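Q: Kindly generate the corresponding structure for this input.
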Amino acid sequence: MEKPEYDRLIEEGYVCRIAFQGDKYPYIAPFLYVFDGKFLYFLSTKYGRKNDLFKKHPYVSVEVEKYSCDLSCYTFVTMQGYLVQEEDAITKKIVRDKFVEMIEERNLSPNILAALGHQPDDPLDAIAAEERSNIWKLTGVVDIVALKNL
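A: Reported below is the predicted structural model:
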C-alpha cells in the first residue's frame with residue numbers, strides 16, 4: 001500500500017497491537033490509539049509488564065489491521081519505531097481529549113475505561129481531567145510494511 005492508503009487504515013482504526021522486547025520473548029499487548037495525522041498516541045496504565053518493558057526497551061513494533069469476518073479482505077500495517085512518554089502539558093490535554101472523542105464517536109463500552117486506569121463507572125471525561133495513565137507517542141519509525149490482499 002502507498003502512504004495515503006495506510007494512513008487511511010490507521011485513521012479508521014482505534015485498536016492496535018504493540019510488541020515490546022521482552023527478556024527472552026516478545027510481549028504483545030493490545031492498545032487503543034489515536035492518530036493526529038503524524039503520530040500515533042497510546043494511553044497506558046501506569047502499572048504492569050508493558051511499563052517495565054517500555055522503560056527497559058522503548059523500541060517496539062506496532063500493528064494495525066482491518067479484515068472482513070471471513071478474511072476474504074484484509075489490510076495491515078506494521079511500524080517499527082520507539083515510544084516516548086509525552087510530557088508536554090498542552091499535547092497531553094489534546095491527546096486525552098482525542099481519546100474521549102474517539103470513545104464517544106465509536107460508542108465503546110465503559111468497560112474499556114479499566115484498560116486506561118479508570119473504573120467502568122467513572123465519567124468518560126475523567127480520561128481528560130485526570131492523569132491516571134501515561135501517554136506514549138510512536139516516533140522514530142524506521143520501517144513500515146503495509147499490505148493488503150488483491
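
Q: give me phi/psi at residue 116?
A: Per-residue torsions, residue 116: phi -110, psi 10 (degrees, to the nearest 10).

Q: how much space between residue 56 and residue 146?
A: 28 Å (C-beta to C-beta, to the nearest Å). C-beta coordinates here come from the backbone N, C-alpha and C atoms, glycine included.

Q: Show me what the longest strand seen in the chain packs onto, helices and strands only.
A: In the chain, assigned by DSSP state E, the strand with the most residues is strand 133-148. If contacts are counted by 3 or more C-beta pairs under 8 Å, 6 or more residues apart in numbering; DSSP states H and E, strand 133-148 sits against helix 3-12, strand 40-45, strand 74-85, helix 89-105.

Q: rerun at 7 Å
A: Using 3 or more C-beta pairs under 7 Å, 6 or more residues apart in numbering; DSSP states H and E, the elements in contact with strand 133-148 are strand 40-45, strand 74-85.

Q: If anything else comes up later, I'll come back, but that's it for now.
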